[in-house]
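Chemist: Below are the sequence and a predicted model; questions follow.
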Amino acid sequence: MRNHRFLVFLFRYFFSVLTLFICSYTHAVVINFDDIERVHTDPDDPFWADQEITDQYLSRGLLIDGGYLNSYDPDSDLIVSGKNYLQGGPYFGLTFVGKLPTFVSLIVTSSHEDVVYLNALCGDGVTLSQETPGWAGPDNNTPFEAKKLITFTSDFGISHIDISAFYFLRTSAMIDDLTYHYSVPEPAAILLFIMGLSGIYGRRIKLRGNR
């Protein structure tokens, strides 16, 4: 009976610690830009580039180049999850610092219904490319699609995403709900962890048998 209670205790302990172990590797970061209050240089003459976003999310592993905080029109069909979005200029990029995420997703809408090009640089030097539907000349005139979900995945991590648009105007793309995940532990690491707990359990049983 005592051995049974000990096995139940060990199983619960093992499950709790393993869950914490895996969760420490798999936390997600979600940025929808609603945590920053929109301000204008001149309230009587608001401008889309009044408020540049650069290192405001550095503590969350993100630097932004060429991105400006804007707010949706309350009646807009483009609203994703909240009042704000990030408006990109002609040179627009996201750089991940520190530990690199292995999965990145974002909602992308072209500012002018043209194609938006996204190129993700991975930790192994490989570049992954995606684009949104839209106008890119008479030979590539796909129907425009707003609020396009774009995802990138790399086991080597993603260090930078470059965002540009076909027209190359002052404004390129609107992005929202940027989400990125970090890698899960390798199976070998989990196996070593299980073996360690098994060793503790075996030693406990041996000591109890010697009493």
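Modeler: Here it is on my side, so go on.

Chemist: longest strand of the chain?
Modeler: The single longest strand within the chain, with elements called by DSSP state E, is strand 84-96.

Chemist: Is the residue nearest in space to the middle of the chain in a helix, a strand, or coil?
Modeler: Closest residue to the average C-alpha location of the chain: Tyr180 at 1.7 Å, with Cα atoms, centre = their mean. Classification of Tyr180 using DSSP: H, G, I helix; E, B strand; the rest coil returns strand.

Chemist: For Asp45, see how far away it is.
Modeler: 36 Å (Cβ to Cβ, to the nearest Å). (Each C-beta comes from the backbone N, C-alpha and C, glycine too.)

Chemist: Could you report the distance from Asp57 to Asp77?
Modeler: Actually, residue 57 is Tyr. It isn't Asp. For Tyr57, the distance to Asp77 - Cβ to Cβ - is 27 Å.

Chemist: These two: which has the busier surroundings?
Modeler: With neighbours defined as other Cβ atoms under 10 Å, Tyr57 and Asp77 compare such that Tyr57 has more, 18 against 8.

Chemist: how near is the more buried one to Lys99?
Modeler: In terms of Cβ to Cβ, Tyr57 sits 15 Å off from Lys99.

Chemist: how many other residues sit next to Asp42?
Modeler: Neighbours of Asp42 (other Cβ under 10 Å): 8.

Chemist: what ranges do the helices span in the chain?
Modeler: 2-23, 187-209 (DSSP state H).
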